[in-house]
Structure formats: C-alpha cells, structure tokens
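**Q** Can you look at this prediction? I've put the sequence above it.
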Amino acid sequence: MSETQDNRWSWWVGSDDERFHTECQTREEAETIAKRDGGAWVCHALSGGNLKASDSLDIERLIEDIDQNMIENFGNEDGDPIFELNAEQEKSLEAALKAALDKWQEENGVICKAWQFQDCDPAFYVETTP
C-alpha cells in the first residue's frame, strides 16, 4: 500500500484555482479537458496519498471514553474512575492499538485518500480555443 512520492504527482483540472476535480496522467490530457470544458484551471500536484487511520487515533479520548462507559455501566454512585492508566501503560496501549489498526487497514485494503494536495506547482488557466 505504500506509494512513492514520484507516482503521486499528477495533473488536475478545476473550475477555479483552489478546487480541482479531474485527475489526469499528462499535461496534454489536462489541457484538452480544460479546453473541452470551456476553459479551466490546471495544476501539477502531489496527492496526499493513503492516510494511516492510526494517525488519527486519539488515545487520551479513547481512554476517557472507555472509563466513562465503565463508570456508567459498572461504577459506584460517586463515579470514581475505573480505567486508570499510568503514562507507561497509556504509551503501550497506544502503540499496540496503532500497530493493530495499521495491520487491519493493510490486510483489508482500506484506502483513506487525502483530498488535499501535499504539494502543488502554480496553477494556470487554459482557455478554450475557437
């Protein structure tokens, strides 16, 4: 699932210089589409690629959610914490969950495509030809 930076560069066509909707393999293809569409913006951009779901794991929020669920379902009337971890345990849990999530994403072919470009050359406008 890993991609090299080189194969993520492609040409894009858009109705303005901030939003691009059509991906093309070559500049010529992008310019042809821009002309066909009555004129459009074109840019050469590096896609963000496949995101790792594990990078969005918020371990502190997860621990808090688990603790709250345990308190609501099994806690005492004072709401004392149940799922309390020290810093080492929290770090270990985060590493284990991220590794499991990465493995699961890879094995199941889950693609999380970034919609923002990682890098982009200046866009230019291609006018339609009569």
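**A** Sure, I can see it. Numbering: from 1, shown residues only.

**Q** quick one: low-confidence ranges for this protein?
**A** Under the criterion of pLDDT under 70, the regions of the chain flagged as low confidence span 1-6, 130.

**Q** top strand in it by residue count?
**A** Scanning the chain for the longest strand, with DSSP state E as the assignment, gives strand 40-47.

**Q** Show residues contacting that strand.
**A** Residues lying outside strand 40-47 but in contact with it, judged by C-beta atoms under 8 Å, 6 or more residues apart in numbering, are 5, 8-17, 20, 27, 30-31, 33-34, 113-114, 117-126. In short, each C-beta sits where N, CA and C put it, glycine included.

**Q** For those, which ChimeraX command selects only the ones that are buried?
**A** The buried residues among the contacts of strand 40-47 can be selected in ChimeraX (16 or more other C-beta atoms under 10 Å) with this line:
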select :8,9,10,11,12,13,14,20,30,31,33,34,117,120,123,126
